[in-house]
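Chemist: give me a 3D structure for the following:
(one chain, ligands or ions: 1)
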Amino acid sequence: MSMAIVVAFLTSLFFISVSTLGNALSLNYYDQTCPDAELIVSKVVKDETTKDKTVPAALLRMHFHDCFIRGCDASVLLSSKGKNTAEKDGPPNVSLHAFYVIDNAKKEVEALCPGVVSCADILAFAARDAVVISGGPIWDVPKGRKDGRTSKASETIQMPAPTFNISQLQQSFSQRGLSMEDLVALSGGHTLGFSHCSSFQNRIHNFNSKHDIDPSMAPSFAGRLKSICPVNSQAKNAGTTMDPSSTTFDNTYYKLILQGKSLFSSDQALLTSPTTKTLVSKFATSKEAFSNAFVKSMIKMSSITGGQEVRKNCRVVN
Ligand code: HEM
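Modeler: Residues are numbered from 1 along each chain as shown. Below you'll find the model as predicted:
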């Protein structure tokens, strides 16, 4: 190997390690600068959940949607401005809600330590708190994310859709460094919350040329969904809870998949590859196995970074 190649190799190694170090998150990131940040966020999430039981599901999904576009950089929190339509107003995000919870938490954190804690970190804390408050596992959130300055509705086309099959899901996750195990574990987020009819309409009316209803769906379940979501219904808010215990973070979601009672094609698709099917069965049998895998995958997903600054107001760039 020539000297020039060795030098180029060492230089690139140096840059890779410096850039990784620069973005690395740490557990003690705010120990000196804002030690009470997480406590404040937990309290706000708790108070707001007491007033509205749908808050935890909203926060967990918000964090996922943040991380999948430009990394976890709070780009999902920015408001549209002038000619720029922000992610928030992109099709998959119009059903996100409870943004005010992050605003309230940010306001309280800013009062104590101005300009220190990023909106992206506050959202990551809030997503963890949402899981804990719903009876799920607890974990330490690595911190030090920065907030981004770009948010484009057009980029939300990169979100996985509920009609995706297993190879589309795999591709969407692997593009972000996430594995099939991450896909199965994180899909367990669907133990919380609500879905509008439009998200599973494809499965219950005109599924394909042979079947009106998706044959992988239990007929009794399909019948119930059809009565909630009739063809051409104009009811904007119609829909159903993701699972019967939709405010409890448990492994019911996986049991339902095995019974053909999951809502989305993307949920049911987890049975169509041997690796993911085995994991669905494992998580359906063991809440503990699910909890451990979920924590591991949440930390992985929420470590996809991307931002540059610590925003003062989560809705606008500095
Ligand atoms: C694997 C790909 C995924 C797809 C295709 C997907 C799709 C969807 C769709 C279509 C809805 C319903 C939206 C509506 O109709 O209002 C939804 C809701 C939800 N998703 Fe996912 N999702 C995925 C992964 C995740 C992940 C990774 C998480 C979190 C770890 C998550 C958490 C949630 C939650 C909590 C809700 C309920 C939100 C609420 O009640 O406000 N999802 N998802």
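
Chemist: from Met242, how far out is the closest residue in space to Ser95 that isn't next to it in sequence?
Modeler: For Ser95, the nearest residue in space outside its immediate sequence neighbours is His196; the separation is 6.2 Å by C-beta to C-beta, 6 or more residues apart in numbering. (C-beta placed from N, C-alpha, C; glycine too.) According to C-beta to C-beta, to the nearest Å, His196 stands 11 Å off from Met242.

Chemist: compare those two (neighbour count), which wins?
Modeler: When His196 and Met242 are compared on other C-beta atoms under 10 Å, the one with more neighbours turns out to be Met242, at 23 against 16.

Chemist: any idea how far the ligand is from that one?
Modeler: Between Met242 and the ligand the computed distance is 6 Å (C-beta to the nearest ligand atom, to the nearest Å).

Chemist: likewise for Ile157?
Modeler: In this view, Ile157 and the ligand are 13 Å apart by C-beta to the nearest ligand atom.

Chemist: swap in Asp182?
Modeler: Here Asp182 is placed at a distance of 8 Å from the ligand (C-beta to the nearest ligand atom).

Chemist: for that residue, report the pLDDT, please.
Modeler: Asp182 is assigned a predicted lDDT (pLDDT) of 98.

Chemist: contacts only, for the residue nearest the centre of the chain.
Modeler: The C-alpha lying nearest the average C-alpha coordinate of the chain belongs to Phe64 (C-alpha atoms, centre = their mean; 1.8 Å). Residues in contact with Phe64 (C-beta atoms under 8 Å, 6 or more residues apart in numbering) are 127, 186, 189, 301.

Chemist: how many residues are close by the residue nearest to Ile157 when sequence neighbours are not counted?
Modeler: Setting aside the residues directly before and after it, Ile157 is nearest to Gly90 in space (C-beta to C-beta, 6+ apart), at 7.5 Å. Using other C-beta under 10 Å, Gly90 is surrounded by 23 other residues.

Chemist: Gly90 reaches Ser154, doesn't it?
Modeler: Yes - shown here, Gly90 and Ser154 form a contact pair, counting by C-beta atoms under 8 Å, at 7.2 Å.

Chemist: quick one: contacts of stretch 75-83?
Modeler: Residues from elsewhere that reach stretch 75-83 (C-beta under 8 Å, 6+ apart): 62, 65-66, 69, 86-89, 93, 96, 99, 102, 119, 123, 148, 150-151, 153, 306-307, 314-317.

Chemist: averaged pLDDT, it. What do you get?
Modeler: Taken as a whole, stretch 75-83 has a mean pLDDT of 97.

Chemist: quick check: buried residues in that stretch?
Modeler: For stretch 75-83, a neighbour-count test (16 or more other C-beta atoms under 10 Å) marks 75-78, 80 as buried.

Chemist: can I get those in a markdown table with secondary structure?
Modeler: Formatted as a markdown table, the entries for these read as follows, by DSSP: H, G, I helix; E, B strand; the rest coil:
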| residue | secondary structure |
| --- | --- |
| Ser75 | helix |
| Val76 | helix |
| Leu77 | helix |
| Leu78 | coil |
| Ser80 | coil |
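
Chemist: nearest to Lys106 among those residues?
Modeler: Comparing those against Lys106 with C-beta to C-beta places Leu77 closest, at 9.0 Å.

Chemist: can you tell me how far the closest one is from Gly148?
Modeler: Relative to Gly148, Leu77 is positioned 10 Å away (C-beta to C-beta).

Chemist: again with Asp36
Modeler: Taking C-beta to C-beta as the measure, Asp36 and Gly148 are separated by 25 Å.

Chemist: and the spatially closest residue to Asn237 that is not a sequence neighbour, what does it touch?
Modeler: Counting by C-beta to C-beta, 6+ apart, the nearest residue to Asn237 once its immediate chain neighbours are dropped is His196, at 7.3 Å. Contacts for His196 were tallied using C-beta under 8 Å, 6+ apart; they are 95, 236-239.

Chemist: and the buried ones among the contacts of stretch 75-83, selectable in PyMOL?
Modeler: In PyMOL, selecting the buried portion of the contacts of stretch 75-83, with burial taken from 16+ other C-beta under 10 Å, looks like this:
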select buried, resi 62+65+66+69+86+87+88+93+96+99+102+119+123+148+150+151+153+306+307+314+315+317
